[in-house]
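*Asks:* pasting a predicted model and its sequence here:
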Amino acid sequence: MNIFVLMKRTFDTEEKIIIENGRIDEEGAEFIVNPYDEYALEEAIVLKEAHGGEITVVTVGEEEAEKELRTALAMGADKAVLLNMEDMDEAIDHYTIGEVLTAYFKDQEADIILGGNVAVDDGAGQVASRLAEGLQMNQVTTITKLDIEGTKVTIERDVEGDVEIVETSLPLLVTCQQGLNDPRYPSLPGIMKAKKKPLETIDFDDLDLDEEEIAAKTTTTDRFLPPEKGAGKILEGSTESQAQQLVELLKSEAKVI
């Protein structure tokens with residue numbers, strides 16, 4: 001089975017993030033494998049253990065992403081591919097990344113492609129679906145259970161607190177949600193083996209793409225941290241009095257009614 005995993009290098013949202021002039025200060029940020037992509041990689045490993053095959057983890061980015069690709073190799077992927085955008089002069093967005101991935105995967109024979117449901121840095125959840133559309137491949141998002149028998153696939157997916165059961169077939173692209181599995185940590189032997197596993201770098205212009213045609217379709221106008229929460233208020237008096245105070249505060253301060 002040819003198994004591919006989409007991976008994104010994201011900043012660690014559990015660490016302090018500094019924003020200056022609408023941009024994240026990357027010098028002080030900690031970068032990690034996108035946590036939702038870890039569910040995808042773990043499921044890929046489970047599939048390989050059950051059906052055999054090879055796992056290739058793919059990311060679009062710059063040379064700095066090699067560290068996170070090595071982490072994925074240490075977790076259990078067999079090889080990694082970096083689609084290098086370092087020489088791209090035009091701005092990039094989810095459309096650009098989707099086009100680059102589509103160009104790469106058109107030359108691959110993927111049985112299944114797994115990705116995270118969203119990336120924790122922007123929460124857009126666009127790239128995997130754009131790729132599936134570009135490849136005209138079956139896709140199921142936000143999965144929480146995956147069973148494969150031959151080419152038949154049975155999936156449970158999260159639909160806002162409920163569960164939907166989907167039957168489809170390979171080849172297939174899925175995006176993985178929390179609850180699908182518990183990602184493993186890289187072991188010391190895995191870390192040592194990862195140093196010798198193949199990591200291929202492909203420049204985006206080697207994919208016969210026109211830079212202007214794949215340039216970003218959207219523009220980020222600003223980034224900012226949420227305002228700090230002020231001190232709370234304790235309402236006193238009878239229940240009727242508290243209700244009246246609450247209504248007045250919602251009108252005058254919160255301005256929500």
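*Replies:* In hand now; what should we look at? Residues are numbered from 1 along each chain as shown.

*Asks:* distance between the ends of stretch 162-179?
*Replies:* 13 Å (Cα to Cα, to the nearest Å).

*Asks:* buried sites along that stretch?
*Replies:* Buried residues in stretch 162-179, counted by 16 or more other Cβ atoms under 10 Å: 170-177. Quick note: C-beta positions are derived from backbone N, CA and C, even for glycine.

*Asks:* mean confidence for it?
*Replies:* Per-residue pLDDT values over stretch 162-179 give a mean of 96.

*Asks:* for stretch 48-67, same thing?
*Replies:* In the prediction, stretch 48-67 has an average pLDDT of 96.

*Asks:* report the buried residues of that stretch.
*Replies:* Quick answer for stretch 48-67 (16+ other Cβ under 10 Å): 48, 55-61, 65-66.

*Asks:* and for stretch 146-156?
*Replies:* 146, 148, 153, 155-156.

*Asks:* Lys106: which of the buried residues of stretch 162-179 is nearest?
*Replies:* Pro171 (12.5 Å; Cβ to Cβ).

*Asks:* regarding stretch 15-35, how distant is the last residue from the first?
*Replies:* Per Cα to Cα, the first residue of stretch 15-35 is 14 Å away from its last.

*Asks:* next helix or strand past the longest strand along the chain?
*Replies:* In the chain, taking DSSP state E as the definition, the longest strand is strand 138-149. Where DSSP states H and E defines the elements, the next helix or strand beyond strand 138-149 is strand 152-159.

*Asks:* any residues touching that following strand, and which ones?
*Replies:* If you take Cβ atoms under 8 Å, 6 or more residues apart in numbering as the criterion, strand 152-159 is touched by 140-147, 163-170, 172, 174, 177, 179.

*Asks:* hmm, back to that, adding secondary structure and distance to Asp78, write the buried residues of stretch 48-67 out as a markdown table.
*Replies:* Output for the buried residues of stretch 48-67, formatted as a markdown table (DSSP: H, G, I helix; E, B strand; the rest coil; distance: Cβ to Cβ, whole Å):
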| residue | secondary structure | distance to Asp78 |
| --- | --- | --- |
| Lys48 | helix | 8 |
| Ile55 | strand | 5 |
| Thr56 | strand | 7 |
| Val57 | strand | 9 |
| Val58 | strand | 12 |
| Thr59 | strand | 15 |
| Val60 | strand | 20 |
| Gly61 | strand | 20 |
| Ala65 | helix | 18 |
| Glu66 | helix | 16 |
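
*Asks:* now for those: which two are most distant?
*Replies:* Using Cβ to Cβ for every pair in those, the one that comes out farthest apart is Lys48 and Gly61, at 24.4 Å.

*Asks:* who's in contact with Lys48?
*Replies:* Lys48 neighbours (Cβ under 8 Å, 6+ apart): 1, 3, 54-55, 76.

*Asks:* what sits against the closest residue to Ala74 other than its chain neighbours?
*Replies:* Of all residues not flanking Ala74 in the chain, Pro186 sits nearest, at 3.5 Å (Cβ to Cβ, 6 or more residues apart in numbering). The contact partners of Pro186, by Cβ under 8 Å, 6+ apart, come to 71, 74-75, 194.

*Asks:* ok, now Asp208?
*Replies:* Ala103.

*Asks:* re the thing from before, put together TSV for the buried residues of stretch 48-67, with distance to Glu248 on each row.
*Replies:* Output for the buried residues of stretch 48-67, formatted as TSV (distance: Cβ to Cβ, whole Å):
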residue	distance to Glu248
Lys48	62
Ile55	60
Thr56	61
Val57	56
Val58	56
Thr59	53
Val60	52
Gly61	52
Ala65	53
Glu66	58
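
*Asks:* show me how far the host helix or strand of Leu47 is from its chain's centre.
*Replies:* Here Leu47 sits within helix 35-51, counting by DSSP H and E. Distance, stretch centre to chain centre, for helix 35-51: 14 Å (Cα atoms, centre = their mean, to the nearest Å).

*Asks:* cool, and stretch 214-228?
*Replies:* Worked out by Cα atoms, centre = their mean, stretch 214-228 lies 18 Å from the chain centre.
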